[in-house]
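Asks: Fold the following.
(one chain, ligands or ions: 1)
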Amino acid sequence: MEINSPPPCPNTVTIRRNPHRKARPPPTPATEAPEMPSADVAKVRSFPTEEILSMDIAKADPVSENLRVFLRIRPLLHGGVGGDRNSKPRFKNVWPQNPAKRKSAIGRALQSKKNKDAEVCVRVNNPQSVTLSPPLALQESNRIKTEVYDGFSHVFSPDSSQEEVYEKMVRPLVDDFLSGKSGMLAALGPSGSGKTHTVFGCPRQPGMVPLALQHIFKQTRGSNSESMRSFFISIFEISSERGKGERLFDLSPNRGDLCMQQSTLKGLQEIAISDARQAESIIAQAMLKRATGMTNANSQSSRSQCIINIRGVADKSNGEGNDQANDGVLSIVDLAGAEREKRTGNQGARLLESNFINNTSMVFGLCLRSLLEHQKNPKKPLQKHFQNSLLTKYLREYLEGKKRMALILTVKSGEEDYRDTSYVLRQASPYMEIKYNTVEEPSNISYNKRHVQALSRSERHKRMKVTGSDACLIDKGKSIEAENGLCEEGSLKSSEPGICKVDMSGCAPSKSGCADSGEGERNHQIMQSFAKALWNVLKQYKEKLKVADNEIQHLRESLVMESTKYIELKKELNDIKSSCACSHRKSVEVSVVELDKNFHERVPLQINVDETAYLREYTPTKDQNFISQVKSLDVREVSASCLELENPNELDHQACESLSGSGNSAEDLCESKCVRLEDSYLSANVAGFMVNSSRSLHRKDSCSSVELDHMLSGEDEESPEDVVLTGQCNAVDPLDGECRLGTCCQALQSGESERRVSPGSSPSQRDCRALDVEDEIEKPRESLDFTTTSPQEDLVSSKGCEMIGIPDSEPRVTTSATTAEKPKGCELIDIPDSEPRVTKAEESKECELIDIPDSEPRVTTTATKTEKPKRRLLPASSLLLRHFSTLDIEDDDEKPKGGKKKSGVEERKITQGSISLLRLLKSDLRI
Ligand SMILES: Nc1ncnc2c1ncn2[C@@H]1O[C@H](COP(=O)(O)OP(=O)(O)OP(=O)(O)O)[C@@H](O)[C@H]1O
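Replies: Next comes the predicted model:
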C-alpha cells in the first residue's frame, strides 16, 4: 500500500517550541492602536468640569463696610465719686492781689495741668488712633509696654463735645434711619467712663438720643408733607433679678415687666412721638425708672442695660402707608459698664448686679468675636453666644452681622483707669475688622418680621387674633404696644401715630409687604446655600472625574498593549500554521548521531516490518537530557548482524510514531502490517546525529532500538555539519549521509521507500501497544505502526507532525509542530498473523531484554537515567545496515550479540545504487 506523501521540504525547518518571550512593547498612543475604539472615545465629550468651575458666578454687590468703632475718652474729673473733677481751678480773685502770689498761683495751676497730663494713660495720636501708656509702676513691675490702638472710626478726645460726637458718630446713623435703614449704636466701656453721659447726656449737654430726636424731627419738619413719617419710641431695660436671672422692664410710663420669647419682646410699648420735646420727656421719665446705684466708680452707676428704639413709619395718610421700605428702627443701647470688684467695692446685691453686668458685657463681646472669626474663616460656625443673655438675644440680628451697628467705646484716661481702659481697647479693637458684606436691606424688613402684637389696655385683647384685613384699632392716639415677636408670624402696620394694627396671627404673610421682603431674603439665602452646596458638589465631581480620567488612560494603555500582544500571537499562530502546512511537504532534518564505533555488541533486534513501513526505530533515553548530552555519537562500526530487519528498506524510528498527522489512525496501522522489532539492537553507521528539538523522545518500549551509549562516546566527534543539537534530542535517524532529528518527526520519507507513520502520538493511538513490523519486506512502502510506551515518557511526538520524508540520499525526519505529546495509552500494535502481537507488557519485557550492558555503546544519557535507551534505526539506516550484512560488510569488532533471528529478507534484492552506496559506506567504515 502506497502512501502519497507530500514532497519533501527542501529546507530544514526548525521550529522553536517555546519561542522567546518578547519584551512587552512600550505603550503606544491610543491612536496607534488599530483596534482601539479611540475614535469613539474621543468623540465623547468629557464633562465640562473646567468650564463650569471657571465660570464666573455673578456676585452680589455687597456694601462692604467695617463695623464702625468710635472711642471717646472721658476727661479727668476732680472731686468725689463721679464728680466733675474736670473743672478748672478757680483762683481767688482777691483785691488787691499780690503780683508775686498771683504768678505763683498761675505757675502752680500750670504745673498741676502738667501733672494731670502726666497722669493720663490714653493719649490721642490722631482721629483714628490712641496710645495707651501704662503707669510707671506697672511698666516697671509688670514690664507692660505702651500700646497703640489704631483703626477707630474716630477718636473723641476728652475735650470733645456732645455735638461733635453726634455729628461724627450718630448723625450718619440717623440719616440712614431717616432713609429707612435700621441701625444701632451701642456704648461700651467700664463703669463711670461716660456711656450714659454720651447716650443721654445732661440738660446742659444733651446726649446722642436727644440730639438724634432733635435731628429727626428737625428733618421731618423741614421736609415736604409727602415724606411725612410717624415715629415711635420705646425704651426698656434688662437688669438682674436679684442675681438669679434677668429682668425685662418697660421703662415707658405706666409699663411693667416684659417677656421675651426667643428674640421677641412681648408687651413692649411703643410711644408715638411727634416732636423731640415729647420724646425727651418720655426718655426723662424712663431714666427715672432705670435702675441705678452708687458705686465707688460712679455715684450714679447704671445697673441695667438700657435700649431705646426709635421707629419711623411712613405716613399712611399720604398714600405711603404701604411703603414699608421707608420704615426703620434706630436703636441706642446704653450698656452697664463692666466693673471690677476692687474698684467698685460692691458687695451683696450690688455684687450680683456686677456679675450680671459683667456677664452681659462678656456675652456681648463673645458674640462680636464669634462674628469676626466666622467672617475670617467661614468654615468656623457662628457660635450662638447670643443665647446666653437677653440683651444679645434681642440684638441677635445686629450681633450676627445682619444689621449695621456702631460701637462707641468710652474709656477713662486716668492712670488708675489703665486696666479698665486697656481691657476695653484690647477686647473691642478687633471688632473694627467686622465687615458687613450683605446687601443692606431696608431696616424695616427685619423689624417687621417680628411679630408685633399690640396690646390693648385690657388683657382680654392680648390674645385676640386679628387678620390683616380685620386689623383693629386698639388704642388710638395714646400708646402703641408693639411686641417684637416672631418675625415670620406677623407684622405691625401703623399708618398713623398711635394707631396700631395688630396682626397677631401672622397667618397672612402674603398680604404684607414685609412678608414678601422676608420671603425674598429667605429665597436669597436659600439660593446662596444652594449655590455653595452645588459648588462643593462640583468640586467633588471634578476630583472624581480626574480619577476616572486616569483610570481610562490606564485602561487605554492596557488595551493597546493587549492588542499588540494579540497581533504578535496572531502572527505566531500564522507562522505555526504555515509551518504545519509546510511540514507536510518538508522533511525535517534530523540529527545525525554517530554511533560509537565500539558499539560491538548488539542486542539482536528483530523487526517485523510492515509492508508499508520503513521504520527504523529509534529509542532515545527517557531522559530528556539525553540528546543534549549526546551531541554526537559516532557509531563507527555497527554490526549489521545485530540488526535483523525484515525489511531492509525501512527504518523504524519511534520518534516518528508521534508524527501521526497524516491522519492514519491507529486502527489503520493495526490493520496494516507492522514491523515488529524484536529484541535486538539496530546498529547503524551514521554520519551524524542531529538534534533539533527541545525535548527528548523516549523509546523505552521500542521493540527494536539502537541503544547508544554515550559512555562509549569517547570517540564521539561532533561534526558541525552532521550534528545539530538544540536542546533535547527527539529522534535519531541514522542514514547513509546525514541523519537529523526533528522535534516532531512525523514521517520518514525516502526515495526508495516511504514510511507512513501512524498517528501513534495522537490520542487515537492509545490502544496501540506494540510495534509490529511485517515480514513483508518486499513492498517498497510499508506502514509502520509503533507505539510508545511507558507512561513515564516525556515526549513522543507532536500532534501535528505527520510524516517524515526520507529522501534517497538524505533521509530526514520532518518536524512540523512545536508541541510533542506522548501518546498515552498506546497499546496496540498491529501484529501480523504470523507474529505474535506485542503488547505493552511484552514491550516492557522486551525492553528489559533490550537492556544493554554498560559496556555496550549507548546513546548518551544523563546520569539520572540508568535504563538504556533504545533506538530504532530509521528505515534507511536499517536498509543500509541490512545491506551491510548482505554484503558482508562487517567490522571485526562488531559482533552481534547472541543469536539473532534472521528473516528471509536477506534474499531481498538490492538495487545497484544501494550496492554502490553501501560500498562507499563500507569503505568509510573501514577507514
Ligand atoms: N465727656 C464727659 N464730660 C464731662 N463729664 C462726663 C463725661 N463723661 C462722663 N462724665 C461724667 O462722669 C460721670 C459718670 O459718667 P456716666 O455715668 O455716664 O458713666 P457710665 O459709663 O454711664 O457709668 P455706668 O456704667 O456706671 O453707668 C457722670 O457724672 C458724668 O457727668
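
Asks: In the stretch 101-250 of the chain, what residue comes closest to the ligand?
Replies: Gly194 (2.6 Å; Cβ to the nearest ligand atom). In short, each C-beta sits where N, CA and C put it, glycine included.

Asks: how deep is that residue tucked in, by neighbour count?
Replies: Gly194: 25 surrounding residues under other Cβ atoms under 10 Å.

Asks: Wait, it touches Thr410, no?
Replies: Yes. At 4.6 Å, Gly194 and Thr410 qualify as touching, with contact defined as Cβ atoms under 8 Å.

Asks: how about Ile233, secondary structure?
Replies: strand (DSSP: H, G, I helix; E, B strand; the rest coil).

Asks: Surely it is in contact with Ile271?
Replies: Yes. Ile233 lies in contact with Ile271 (Cβ under 8 Å); the separation is 5.2 Å.

Asks: one step back: give me the common contacts of Gly194 and Thr410.
Replies: Residues touching both Gly194 and Thr410 by Cβ atoms under 8 Å, 6 or more residues apart in numbering: 72, 74.

Asks: which stretches of the stretch 401-550 of the chain have low pLDDT?
Replies: Scanning the stretch 401-550 of the chain for pLDDT under 70 picks out the ranges 437-518.

Asks: can you tell me the residue of it closest to the ligand?
Replies: Thr410 (5.8 Å).

Asks: Buried residues in the helix or strand harbouring that residue, which are they?
Replies: Using DSSP states H and E, Thr410 maps to strand 405-412. By neighbour count on 16 or more other Cβ atoms under 10 Å, the buried set for strand 405-412 is 405-412.

Asks: and of those residues, the nearest to Leu917?
Replies: Taking Cβ to Cβ as the measure, Met405 is the one of those closest to Leu917, at 125.5 Å.

Asks: mind listing what the closest one touches?
Replies: Met405 neighbours (Cβ under 8 Å, 6+ apart): 67, 183-186, 398.

Asks: With secondary structure as added columns, please give these in JSON lines.
Replies: JSON lines is the format used below for the contacts of Met405 (three-state DSSP):
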{"residue": "Leu67", "secondary structure": "coil"}
{"residue": "Gly183", "secondary structure": "strand"}
{"residue": "Met184", "secondary structure": "strand"}
{"residue": "Leu185", "secondary structure": "strand"}
{"residue": "Ala186", "secondary structure": "strand"}
{"residue": "Tyr398", "secondary structure": "helix"}
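
Asks: where does this protein have low pLDDT?
Replies: Within the chain, the segments meeting pLDDT under 70 span 1-63, 78-118, 221-227, 243, 315-326, 343-345, 437-518, 582-911, 914, 924-927.

Asks: for it, what's the longest helix?
Replies: helix 513-583 (DSSP state H).

Asks: So which elements touch that helix?
Replies: Helices and strands touching helix 513-583, by 3 or more Cβ pairs under 8 Å, 6 or more residues apart in numbering; DSSP states H and E, are helix 38-43, helix 49-54, helix 443-449.

Asks: What distance do you get for Ser281 to Ser304?
Replies: 21 Å (Cβ to Cβ, to the nearest Å).

Asks: neighbour-wise, which of the two wins?
Replies: In this view Ser281 and Ser304 are compared by other Cβ under 10 Å, and Ser304 has more residues nearby, 27 against 13.

Asks: Identify the residue spatially nearest to Glu415, adjacent ones excluded.
Replies: Pro135 (4.4 Å; Cβ to Cβ, 6 or more residues apart in numbering).

Asks: Now do the contacts for that neighbour.
Replies: 121, 415-416, 418.

Asks: Among these, which are located in helices?
Replies: Counting by DSSP H, those contribute Tyr418 to helices.

Asks: Please pick the buried ones from the contacts of Pro135.
Replies: By 16+ other Cβ under 10 Å, the contacts of Pro135 give 121, 415, 418 as buried.

Asks: and Ser179, backbone torsions?
Replies: phi -90, psi 0 (degrees, to the nearest 10).

Asks: And for the one 10 residues further on?
Replies: Recorded main-chain torsions at Gly189 are phi 160, psi 170, according to degrees, to the nearest 10.

Asks: From Thr421, how far out is it?
Replies: 9 Å.

Asks: same check, this time on Ala314
Replies: From Ala314 to Thr421 the distance is 43 Å (Cβ to Cβ).

Asks: now swap in Val148 and tell me
Replies: Using Cβ to Cβ, we find Val148 at a distance of 13 Å from Thr421.

Asks: Name the residues contacting each of those two.
Replies: With Cβ under 8 Å, 6+ apart, Val148 and Thr421 have common neighbours Leu132.

Asks: Compare those two and say which one has the larger neighbour count.
Replies: Thr421 (29 against 12).

Asks: contacting residues around that one?
Replies: 121-122, 132, 190, 411-413.

Asks: TSV please, covering the residues you listed and showing distance to Ala286.
Replies: TSV is the format used below for those (distance: Cβ to Cβ, whole Å):
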residue	distance to Ala286
Cys121	34
Val122	32
Leu132	35
Pro190	24
Val411	26
Lys412	26
Ser413	30
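
Asks: wait, isn't Gly260 in contact with Leu268?
Replies: Gly isn't right for residue 260; it's Met. No. Between Met260 and Leu268 there is no contact, the gap being 9.5 Å when judged by Cβ under 8 Å.

Asks: Which one's more surrounded, these two?
Replies: Counted by other Cβ under 10 Å, Met260 and Leu268 do not tie: Leu268 has more neighbours, with 29 against 19.

Asks: I am finished for the moment; much appreciated.
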